[in-house]
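**Student:** Based on what follows, work out the 3D shape:
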Amino acid sequence: GPSGSGKSTLLNLAGALDRPTSGRVLVEGEDVTALAPDALAALRRRRVGFVFQDLNLIPSLTAAENIALPLELDGLPARKARSFALDALDGLGLRALADRFPDAMSGGQQQRVAIARGLIGPRRLVLADEPTGALDSRTGHELLDHLRTACAELGQTIVMVTHDPNAAAYADRAVILSDGRIVDDLDAPTSDTV
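**Tutor:** Numbers count the residues shown, from 1 in each chain. As a prediction, this is how the structure comes out:
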């Protein structure tokens, strides 16, 4: 949908960052609108990954530290969390950036680090707001392939907001929003019809 149609709001509701004014939000059958703050925090750390449009990387942490942070906050020892973070960087071809701080990375590199952080750990739901926005088309396609692999191999569901029809073509399902309402719900077009 166009800007202002409710796409980011939908992600914020699904990730329990915002509370709905009416209705319920279910994640794996659990009503997140009824959870206490500590249970919401645990849900966000363990079951929901976020790839924010503004990335939200912590400037004082390296790429590996940014990726490992959710695992460490959930009690995983720092060495083990770093090992998982390095594997995530390897999967995106970014191992050389492990000890680099965000301000020493390009926008596209920062975006891929943010995606690795969103996918790390036992996440069942990954919410991605324009995950290819700062990437060139080749890198964007590589990243979308990586996201598809995560879905297939890890059993993750990825809800992606995008304005890019080529990115939407990677989806199993496309939902079009306008003024906060679903106006179309269809299978995503194939890449040769975009």
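**Student:** How about the contacts made by Asp99?
**Tutor:** Residues in contact with Asp99 (C-beta atoms under 8 Å, 6 or more residues apart in numbering) are 62-64. For every residue, glycine as well, the C-beta is placed using N, CA and C.
**Student:** and which of the residues you listed is nearest Ile158?
**Tutor:** Nearest to Ile158 among these: Ala63, at 21.1 Å, using C-beta to C-beta.
**Student:** quick one: contacts for Lys150?
**Tutor:** For the record, residue 150 is Ala, not Lys. Here Ala150 is in contact with 119, 126, 156, 158 (criterion: C-beta under 8 Å, 6+ apart).
**Student:** Okay, and which of those map to strands?
**Tutor:** Among those, the members falling in strands are 126, 158 (criterion: DSSP state E).
**Student:** thought Ser178 was touching Gly1?
**Tutor:** Yes - if you go by C-beta atoms under 8 Å, Ser178 and Gly1 touch, sitting 5.2 Å apart.
**Student:** which of the contacts of Ala150 has the most neighbours?
**Tutor:** Val126 (24 neighbours; other C-beta atoms under 10 Å).
**Student:** and that residue, what pLDDT?
**Tutor:** Note for Val126: predicted pLDDT of 93.
**Student:** And Ser191, by the same measure?
**Tutor:** Looking at Ser191, its pLDDT is 48.
**Student:** Widest-spaced pair of the contacts of Ala150?
**Tutor:** Farthest pair in the contacts of Ala150 (C-beta to C-beta) is Leu119 and Ile158. Separation: 8.7 Å.
**Student:** Overlap of the contact sets of those two?
**Tutor:** Counting by C-beta under 8 Å, 6+ apart, the residues touching both Leu119 and Ile158 are 126, 147, 150.
**Student:** Whatever helix or strand Val183 lives in pairs with which strands, and in what direction?
**Tutor:** Under the criterion of DSSP states H and E, Val183 resides in strand 181-186. Strand 181-186 has these partner strands in its sheet, going by DSSP bridges: strand 174-178 (antiparallel).
**Student:** nearest to Ile182, of the contacts of Asp99?
**Tutor:** Ala63 (36.7 Å).
**Student:** Looking at Ser178 and Gly1, which one has more neighbours?
**Tutor:** Gly1 (19 against 13).
**Student:** Relative to Gly155, how far out is the more buried one?
**Tutor:** Going from Gly1 to Gly155 by C-beta to C-beta, to the nearest Å gives 28 Å.
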